[in-house]
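Trainee: how does the following fold in three dimensions:
(one chain, ligands or ions: 2)
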Amino acid sequence: MISAHTVETVRAAEEVAKAALPAGTLMQRAAAALDVVCADLLRDTTGGVAGRTVVVLAGPGDNGGDALLAAARLARRGAAVTALLTSGRVHTEALAAARRAGARSRPWRPGDESTCAAADLVLDGIAGIGGRGGLRPAVEGLSALDGPVVVAVDLPSGLDADTGAVTGEVMAADVTVTFGTAKPVHLLAPAAARCGQLLVVDLGLDLPAPAVERVEPGDVAARWRRPAPTDDKYSRGVVGVVAGGPDYTGAAVLAVEAAVRAGAGMVRYVGPAHPTELVRQRRPEAVAGPGRVQAWVLGPGVSPDDPEQQARIRDALASGEPAVVDAGALHDLPDGLGPHHVLTPHAGELARLLGVERSAVEADPLTFARRAHAETGATVLLKGSVTTIVGDRVLTAASATDWLSTAGAGDVLAGVLGAALAGRPHDDPAVVAADAAVLHGRAAALASAGGPLAALDVADAVPAALTSLPGWAERGRVPSKGAPTS
Ligand SMILES: NC(=O)C1=CN([C@@H]2O[C@H](COP(=O)(O)OP(=O)(O)OC[C@H]3O[C@@H](n4cnc5c(N)ncnc54)[C@H](OP(=O)(O)O)[C@@H]3O)[C@@H](O)[C@H]2O)[C@@H](O)CC1
Ligand SMILES: [K+]
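Mentor: Numbers count the residues shown, from 1 in each chain. Ligands and ions are numbered 1, 2, ... in the order given. The predicted structure is shown next:
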C-alpha cells in the first residue's frame with residue numbers, strides 16, 4: 001500500500017521530528033533524495049550529469065528551499081544549474097548554498113518558459129504543501145512546457161496537496177519526489193495523473209493512520225483468497241449473479257465468466273430463460289436458479305423496467321449477504337444498506353444517484369464518493385481513471401489501461417468483486433473492493449497488451465493476472481521441512 005497523509009498531519013509529524021534533529025536535517029534529506037533522482041534521470045536521458053543544463057524553479061517557501069539545496073548538489077556534480085526565483089521571497093540560506101556551489105540565479109522573467117524548455121531537466125520547487133489554487137499568472141505558461149524532464153519537488157506546483165481536484169494551471173511532472181509520506185493529491189483523480197511516477201522518500205516521520213491509501217499489486221497477491229486443502233466449493237464461496245434480462249444477455253455471461261475465473265467455489269445464475277441458456281452454454285460449471293450464496297452480483301445489464309429481475313435484486317439486498325450493486329441495481333436503492341454492500345457506479349451513475357452534474361463528479365471523485373457513502377451507508381467503488389473506494393477507509397486503485405473503457409468491462413469487474421466478497425467474508429469490504437479493482441486492471445493490461453481488448457478477454461485473463469502479481473508465486477510455495485538426508 002502507498003499511504004497518504006493530509007498536510008495538517010504531515011506538519012504535526014514534521015514538528016516532532018524537527019525537535020529531535022539538528023536544524024535543517026529534514027530539508028537536507030529531501031535535497032539529497034532529489035539530487036540522486038535528478039542525476040539518475042539525467043544519466044538515463046542524456047548519458048551524463050556534468051555539463052547538462054538544469055533549471056531550478058524556486059518559490060518563496062521551503063519547497064523552493066529543497067529545490068535550491070538540490071541545485072547545490074547538482075552543481076557540485078558539474079551540472080550547469082540556473083535557479084529562477086518565481087517570487088519576491090526566497091529561502092536565503094538555500095539560495096546562498098546553491099550560489100556557493102556554482103549555480104547561477106536570477107528572478108523569473110516573462111518568456112522564461114523557453115529557458116525551461118531548452119533545459120535537460122527542470123526541478124519544480126515553486127510550491128509544495130503550502131501551495132493553493134493553480135499556478136500564479138506570471139508562470140502559468142509552464143503548464144504547457146514541452147521537452148525537458150520535469151521533476152516535482154513534493155508535488156506538482158499548482159495542485160493542492162489535500163485533494164485530487166485540479167482548480168487551475170498545473171506544472172505537470174514526469175517524476176514527483178515526495179517527502180515523509182505521499183499526500184492525497186498523489187493518489188486521487190484527476191490530480192494523480194499530473195504527478196507522473198511517484199517516489200516517496202522516508203524521512204523517519206512518526207505518522208498516524210493514513211487518510212488515503214493506494215493498493216499495489218503485491219498487496220493483492222498477499223490477500224487474495226487461495227483455497228486450502230480443507231476447502232470445498234461451498235467454503236470457497238458461492239456467488240449469486242442477478243444480471244441481464246430477456247433482451248440483455250451479454251452482461252450475464254460476462255459477470256458469470258468473471259466470477260468463475262476469479263476463483264469462486266461455485267457461481268449461481270438467477271435470471272430469465274434466455275440468458276440462463278447462454279450462461280449454461282458458455283460456462284457449464286455455473287448452476288441456474290435460486291439457492292444459498294455467500295455474495296451477490298446484482299445489476300449488470302438489468303433494466304430498471306424489468307420487474308422480475310428488480311424483484312430479485314430487492315430480495316438479495318434484503319438478505320443480509322454481501323453484494324456488488326452495479327448498473328441496473330443502482331437505480332432505486334433501498335434504505336438499510338451497509339458496508340457489505342459495494343456500490344460500483346461510474347461517474348455518470350454516481351451523478352444520477354446524487355442529483356449532481358457528471359462533470360462535478362469527474363472533477364472531484366473523492367468528494368462525491370464520500371457523499372454517496374455517507375448517504376447510503378454502503379461501500380462505494382467509483383470507477384474512473386483512478387478507481388476510488390470509500391468505506392471505513394479511503395483506498396484507490398491506480399489507473400488501468402485506457403483500452404479498458406469498453407462495453408462489458410464493468411460487468412467483468414462486478415463478477416471479480418463478487419467472487420472476492422464471497423471468499424473473504426471477514427475482510428473489510430473496502431479492501432476487498434480495491435483488491436478486485438487492481439486485479440481487474442491487471443487482467444485488462446494482459447488482455448490488451450497495448451491494443452484493443454474485449455471484455456470477455458479481460459475475464460479470461462484474470463487467472464494469469466493473479467499468478468503474475470508480484471509475490472504470488474512466493475506465497476504459494478510450501479515452506480521446506482528441511483533438506484533430504486542421504
Ligand atoms: N513536511 C515535511 O516534513 C517537510 C517539508 N519539506 C518541504 O517544505 C515544503 C513546504 O514548505 P512551506 O510550508 O514553506 O510551503 P511551500 O509549499 O513552499 O509554499 C510556500 C508559499 O508558496 C506560495 N504559493 C502558494 N500557492 C502557490 C502557487 N499556486 N503558486 C506559486 N506560489 C504559491 C505561498 O506564498 P505567497 O505567494 O502566498 O506569499 C506559500 O506560502 C514541502 O512541500 C516540502 O517541499 C521538506 O523540506 C522536508 C520536510
Ligand atoms: K513543487
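
Trainee: run a quick neighbour tally on residue 301.
Mentor: By other Cβ atoms under 10 Å, 28 other residues sit near residue 301. C-betas here are computed from N, CA, C, even on glycine.

Trainee: correction: the previous question concerned residue 292.
Mentor: Neighbour count of residue 292, defined by other Cβ under 10 Å: 10.

Trainee: give the contact list for residue 38.
Mentor: Contact partners of residue 38, counting by Cβ atoms under 8 Å, 6 or more residues apart in numbering, are 54, 70, 74, 121, 123, 151.

Trainee: for it, give its distance to ligand 2.
Mentor: Per Cβ to the ion, to the nearest Å, residue 38 is found 14 Å from ligand 2.

Trainee: and the helix or strand containing that residue, what's buried?
Mentor: Assigned by DSSP states H and E, residue 38 belongs to helix 25-46. By neighbour count on 16 or more other Cβ atoms under 10 Å, the buried set for helix 25-46 is 26-31, 33-35, 37-39, 41-42.

Trainee: follow-up on the earlier one: quick one: mark the members of the contacts of residue 38 that sit in strands.
Mentor: Assigned to strands by DSSP state E, the following of the contacts of residue 38 qualify: 54, 121, 123, 151.

Trainee: residue 440 belongs to a helix, doesn't it?
Mentor: Yes. Looking at residue 440 with DSSP: H, G, I helix; E, B strand; the rest coil, it is inside a helix.

Trainee: and it, how far is that from ligand 1?
Mentor: Residue 440 is 34 Å from ligand 1, where distance means Cβ to the nearest ligand atom, to the nearest Å.

Trainee: got the contact list for that residue?
Mentor: 400, 409, 412-413, 416, 458, 462 are the contacts of residue 440 under Cβ under 8 Å, 6+ apart.

Trainee: what do you get for residue 358?
Mentor: Shown in contact with residue 358 (Cβ under 8 Å, 6+ apart): 347-348, 351.

Trainee: out of those residues, which is most surrounded?
Mentor: The most crowded member of the contacts of residue 358, judged by other Cβ under 10 Å, is residue 347 (22 neighbours).

Trainee: just give me the neighbour total for the residue nearest to that one when sequence neighbours are not counted.
Mentor: Of all residues not flanking residue 347 in the chain, residue 361 sits nearest, at 4.3 Å (Cβ to Cβ, 6 or more residues apart in numbering). Neighbour count of residue 361, defined by other Cβ under 10 Å: 26.

Trainee: could you do the one 10 residues further on as well?
Mentor: When neighbours are counted by other Cβ under 10 Å, residue 371 registers 17.

Trainee: ditto for residue 72
Mentor: Neighbours of residue 72 (other Cβ under 10 Å): 23.

Trainee: check what pLDDT it gets.
Mentor: Predicted confidence (pLDDT) for residue 72: 98.

Trainee: name the SS class of it, please.
Mentor: Secondary structure for residue 72, judged by three-state DSSP, is helix.

Trainee: and it, how far is that from residue 92?
Mentor: 13 Å (Cβ to Cβ, to the nearest Å).

Trainee: closest to ligand 1 out of the contacts of residue 358?
Mentor: Distance to ligand 1 across those (Cβ to the nearest ligand atom) is lowest for residue 347, with 26.6 Å.

Trainee: surely residue 293 and residue 268 touch.
Mentor: Yes. Counting by Cβ atoms under 8 Å, residue 268 is a contact partner of residue 293 at 5.9 Å.

Trainee: run a quick neighbour tally on the residue of the stretch 51-200 of the chain found nearest ligand 1.
Mentor: Closest residue of the stretch 51-200 of the chain to ligand 1, Cβ to the nearest ligand atom: residue 128 (1.9 Å). Taking other Cβ under 10 Å as the criterion, the count of residues near residue 128 is 28.

Trainee: so what's it closest to, chain neighbours aside?
Mentor: What sits nearest to residue 128 in space, not counting adjacent residues and going by Cβ to Cβ, 6+ apart, is residue 63, at 3.3 Å.

Trainee: ok but the one you found is inside a helix, no?
Mentor: Yes. The assignment for residue 63 (three-state DSSP) places it in a helix.

Trainee: so how far is residue 285 from it?
Mentor: The spacing between residue 63 and residue 285, counted by Cβ to Cβ, is 56 Å.

Trainee: more neighbours, the two?
Mentor: Neighbours per residue, other Cβ under 10 Å: of residue 63 and residue 285, the larger number sits with residue 63, 27 against 12.

Trainee: need the pLDDT of that one.
Mentor: Note on residue 63: pLDDT of 98.

Trainee: residues contacting it?
Mentor: Counted by Cβ under 8 Å, 6+ apart, residue 63 has contacts 125-131, 153-154, 157.

Trainee: same thing but 6 Å
Mentor: 125, 127-128, 153-154 (Cβ atoms under 6 Å, 6 or more residues apart in numbering).

Trainee: tabulate the CA atom coordinates of stretch 461-477 in PDB.
Mentor: Listed next in PDB are the C-alpha coordinates belonging to stretch 461-477 (Å, rounded to 0.1, in the frame of the first residue of the first chain):
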ATOM      1  CA  ALA A 461      -7.100 -13.100 -18.300                       C
ATOM      2  CA  VAL A 462      -7.900 -13.000 -14.600                       C
ATOM      3  CA  PRO A 463      -6.100 -16.200 -13.600                       C
ATOM      4  CA  ALA A 464      -3.000 -15.100 -15.500                       C
ATOM      5  CA  ALA A 465      -3.300 -11.700 -13.900                       C
ATOM      6  CA  LEU A 466      -3.400 -13.300 -10.400                       C
ATOM      7  CA  THR A 467      -0.300 -15.500 -11.000                       C
ATOM      8  CA  SER A 468       1.600 -12.600 -12.400                       C
ATOM      9  CA  LEU A 469       1.200 -10.500  -9.300                       C
ATOM     10  CA  PRO A 470       4.500  -9.800  -7.500                       C
ATOM     11  CA  GLY A 471       4.800 -12.100  -4.600                       C
ATOM     12  CA  TRP A 472       2.100 -14.500  -5.800                       C
ATOM     13  CA  ALA A 473       4.400 -17.400  -6.500                       C
ATOM     14  CA  GLU A 474       6.400 -17.000  -3.300                       C
ATOM     15  CA  ARG A 475       3.200 -17.000  -1.200                       C
ATOM     16  CA  GLY A 476       2.100 -20.300  -2.800                       C
ATOM     17  CA  ARG A 477       5.400 -22.100  -2.100                       C
END
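
Trainee: what does it contact?
Mentor: Contacts for stretch 461-477 (Cβ under 6 Å, 6+ apart): 217-218, 220-221, 261-262, 439, 442-443, 446-447.

Trainee: need the nearest residue in space to whatever residue of the stretch 301-450 of the chain ends up closest to ligand 2, chain neighbours excluded.
Mentor: Across the stretch 301-450 of the chain, no residue is closer to ligand 2 than residue 386, which sits at 20.6 Å (Cβ to the ion). Excluding its sequence neighbours, the residue lying closest to residue 386 (Cβ to Cβ, 6+ apart) is residue 189, at 3.9 Å.

Trainee: mind checking what secondary structure the one you found has?
Mentor: At residue 189 the chain is in coil, as set by three-state DSSP.

Trainee: go ahead and confirm it touches residue 366.
Mentor: No. The criterion here is Cβ atoms under 6 Å, and residue 189 misses it with residue 366 at 8.1 Å.
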